[in-house]
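S.K.: Please work out how this folds:
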Amino acid sequence: MLKSLIVKIPLLTLLLVACSRHPSLPTDFQRIDEFAQIFPDYVGVTVPPNIAPLNFLAIDADDVVAEFKYNNLKLNYGGKDNKVQIDEKEWHELLAQAKGKSLAVTVYAKKQGKWLAYKPFPIHVAEEDVDPYVSFRQLPPTFVGYGELSIRQRNLTNFEEKTIYNNRQVSHGLEGQCINCHSYQNYGTDNMMFHMRMQNPGTMIVYQGQLIFVNLKDETMISAAAYNSWHPHLPIIAFSTDHTMQSFHTRDITKVEVMESASDLIIYDVEHNRVTTVLNDSTELELFPSWSPDGKWLYYCSAHYEYRGKYEDTTDLLEDFRKLQYNLYRLSFDERTMTFGEPELIYDAASKNRSAVQPRASKDGRYLLFAEGPCGLFHIWHTSADVQILDLQTSQLVDAAALNSPLPESYPSFSSSDRWILLESRRDDGNYTRTYIAYFDKQGKVHKPFLVPMEDPEYFRLLLRSWSRPEFMKEPVRITPRQFAEKALTTPIQVSK
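M.R.: Below you'll find the model as predicted:
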């Protein structure tokens, strides 16, 4: 008798759990011939088959139930306030069946005591997976403060999120520590890096899984190394070295203008701890080096500027900041001789009264992503900034309107398969930077971006932090935050020429 009782109780519990997880659809409702207003906006998006559940909330609803349908398979979620939160295992099983096809999602929202059934919307499921991880810098609204900064990593296939490094681990007092420019070689984390500024300054490099802490500044360089790009298979990193300055607007909608008063390009040899100069023309402001995935080209941007008076006269720059418009260039690279060719102009943005920065080439060598704004280099502050795609075969821009919004988009990059585009955007509220992913199909067509899904769909509405400078990764960072912090308290090795 006791044995029989023990068996029945878990079965009953399972039935209760199943009922609460899959609420019944309302039977008395009014049909509405329009899509429901939901956040995040997942209406009509194309997603990878390995993405985490697209949880969402129905705006201004008191209760909600959503039906997800593919062929004869139907799953209902919701029934808890205005949020739809999907079982992770069932979601991945559903996407596996719908791979290359589409789901139909019908939202039933209860408003002012009345149920409304909205027009079903599709969620398209691509054939190609996305790289399973993304890393980003999380920071509060700030211009010059370093009180709270962290580099974090998120598993895109579920909701696991961890800290890579937090500046509070070693900073103290009012000055704080700035951390920035995290990057990886060929989407892996055995070879990666990020910078530390202010307190405990230096460049944290992981090479073949081992930690190196380097002072990447010598007497011939403008400053410590800054914006960077790993060669896809050689132990070298391309950097810009530059003097950065800010000016703040009192009447313009753009809050701040970031400028470089001088900048050059260098190469750092990780194995030999040595830097060599690539470009150092005093009339060119070279920035954002970026290797092509085959390692044969180094893309970068440059703005031509000649000082009227003394070199690096910041008064000149403050008056002329709208004239700082960057074009896109590239240098051929010979791995045998470790030498570069002559600069080749590939996109003349200045002739269009625009400025192009942050180039990223596709693995197949066909396309180049970049951010374009009215002037300067930090387009996340420019409301008219967009992400653009250049077809390198035709030298024409691809229609990238689906990627963009009336608010700033910036810092785009390709996934390792070329099929997914990662970007940062302020489209949600104009103040906080969020991370979006968009499908880029084999025909060169861009699809509607979607916000990185969260377990609580209200997360990004409540988070008073930005997700900045996102990067795709094939694997998580294995060095622990404590290991980084302990290394940061040591004396960095000095780079040599």
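
S.K.: For residue 112, grab the count of nearby residues.
M.R.: The criterion is other C-beta atoms under 10 Å. On that basis, residue 112 has 8 neighbouring residues. Just so you know, the C-beta spots here come from the backbone N, C-alpha and C atoms, and that holds for glycine as well.

S.K.: pLDDT value on it, please?
M.R.: Residue 112 carries a pLDDT value of 93.

S.K.: so who does it touch?
M.R.: By C-beta atoms under 8 Å, 6 or more residues apart in numbering, the residues touching residue 112 are residue 62.

S.K.: Could you report the distance from it to residue 138?
M.R.: Between residue 112 and residue 138 the distance is 38 Å, computed by C-beta to C-beta, to the nearest Å.

S.K.: Start and end of stretch 276-292, how far apart?
M.R.: Terminal residues of stretch 276-292 lie 20 Å apart, using C-alpha to C-alpha, to the nearest Å.

S.K.: what about the helices in the stretch 351-497 of the chain?
M.R.: The residue ranges that make up the helices of the stretch 351-497 of the chain, judged by DSSP state H, counting those that start in this stretch, are 459-462, 481-488.

S.K.: So which bits of the first one are buried?
M.R.: Across helix 459-462, burial judged by 16 or more other C-beta atoms under 10 Å covers residue 460.

S.K.: How about the longest one?
M.R.: Buried residues in helix 481-488, counting neighbours by 16+ other C-beta under 10 Å, are found at 481, 484, 485, 487, 488.

S.K.: try stretch 328-346
M.R.: Of the residues in stretch 328-346, 328, 329, 330, 331, 333, 340, 343, 346 count as buried by neighbour count, 16+ other C-beta under 10 Å.

S.K.: same question, stretch 113-122
M.R.: Burial within stretch 113-122, assessed by neighbour count using 16+ other C-beta under 10 Å, is assigned to 115, 116, 117, 118, 121.

S.K.: got it, and stretch 130-150?
M.R.: Along stretch 130-150, the positions that meet the burial threshold by neighbour count (16+ other C-beta under 10 Å) are 130-139, 146, 149-150.

S.K.: Using pLDDT, spot the least trustworthy of the residues you listed.
M.R.: In terms of pLDDT, residue 146 ranks lowest among those, with 76.

S.K.: That one: what's it in contact with?
M.R.: Contacts of residue 146 were listed using C-beta under 8 Å, 6+ apart, and they are 167, 171, 175, 176, 177, 178, 197, 198.

S.K.: quick one: what helix or strand has the closest residue to the fifth one other than its chain neighbours in it?
M.R.: In space, not counting the residues next to it along the chain, residue 177 is nearest to residue 171; the distance is 3.8 Å by C-beta to C-beta, 6 or more residues apart in numbering. When secondary structure is defined using DSSP states H and E, no element contains residue 171, which sits outside every helix and strand.

S.K.: tell me, how many neighbours does residue 171 end up with?
M.R.: Counted by other C-beta under 10 Å, the residues lying close to residue 171 total 22.

S.K.: Repeat that for the one 4 residues further on.
M.R.: For residue 175, the neighbour count with other C-beta under 10 Å is 12.

S.K.: Would you check that residue 408 makes contact with residue 429?
M.R.: No. No contact is recorded between residue 408 and residue 429 when judged using C-beta atoms under 8 Å, the distance being 11.7 Å.

S.K.: neighbour-wise, which of these two wins?
M.R.: With other C-beta under 10 Å as the criterion, residue 408 and residue 429 differ in neighbour count, and residue 408 comes out ahead with 25 against 10.

S.K.: Next up, phi/psi of the more buried one, please.
M.R.: Listed backbone geometry of residue 408 is phi -70, psi 140, with angles given as degrees, to the nearest 10.

S.K.: Give me the helix or strand of the chain that scores worst on average pLDDT.
M.R.: Within the chain, confidence by mean pLDDT, DSSP states H and E is lowest for helix 2-21 among all helices and strands, at a mean of 39.

S.K.: following that helix, which helix or strand comes up?
M.R.: Following helix 2-21 in sequence order, the next helix or strand is strand 30-32 (DSSP H and E).

S.K.: Please identify the pairing partners of that next one and their relative orientation?
M.R.: Using DSSP bridges, strand 30-32 pairs in its sheet with strand 114-118 (parallel).

S.K.: after the strand it pairs with comes which helix or strand?
M.R.: Scanning the chain past strand 114-118 towards its C-terminal end, the next helix or strand to appear is strand 121-125 (assignment: DSSP H and E).

S.K.: Tell me which other helices or strands that next one touches.
M.R.: strand 46-47, strand 102-111 (3 or more C-beta pairs under 8 Å, 6 or more residues apart in numbering; DSSP states H and E).

S.K.: what about 10 Å?
M.R.: Other helices and strands packing on strand 121-125, by 3 or more C-beta pairs under 10 Å, 6 or more residues apart in numbering; DSSP states H and E, are strand 46-47, strand 63-70, helix 88-98, strand 102-111.

S.K.: So what's the gap between that strand and the chain middle?
M.R.: The chain centroid and the centroid of strand 121-125 are separated by 23 Å under C-alpha atoms, centre = their mean, to the nearest Å.

S.K.: Between strand 63-70 and that strand, find me the angle.
M.R.: 50 degrees (axes from the mean of the first three to the mean of the last three C-alpha atoms, to 10 degrees).

S.K.: what angle separates strand 121-125 from strand 102-111?
M.R.: In this structure, strand 121-125 runs at an angle of 140 degrees to strand 102-111, with the same axes, to 10 degrees as the basis.

S.K.: continuing past strand 121-125, what's the next helix or strand?
M.R.: Scanning onward from strand 121-125 (DSSP H and E), the first element met is strand 133-139.

S.K.: Specify which member of the buried residues of stretch 130-150 is nearest to residue 459.
M.R.: Within the buried residues of stretch 130-150, distances to residue 459 taken as C-beta to C-beta reach their minimum at residue 138, with 12.2 Å.
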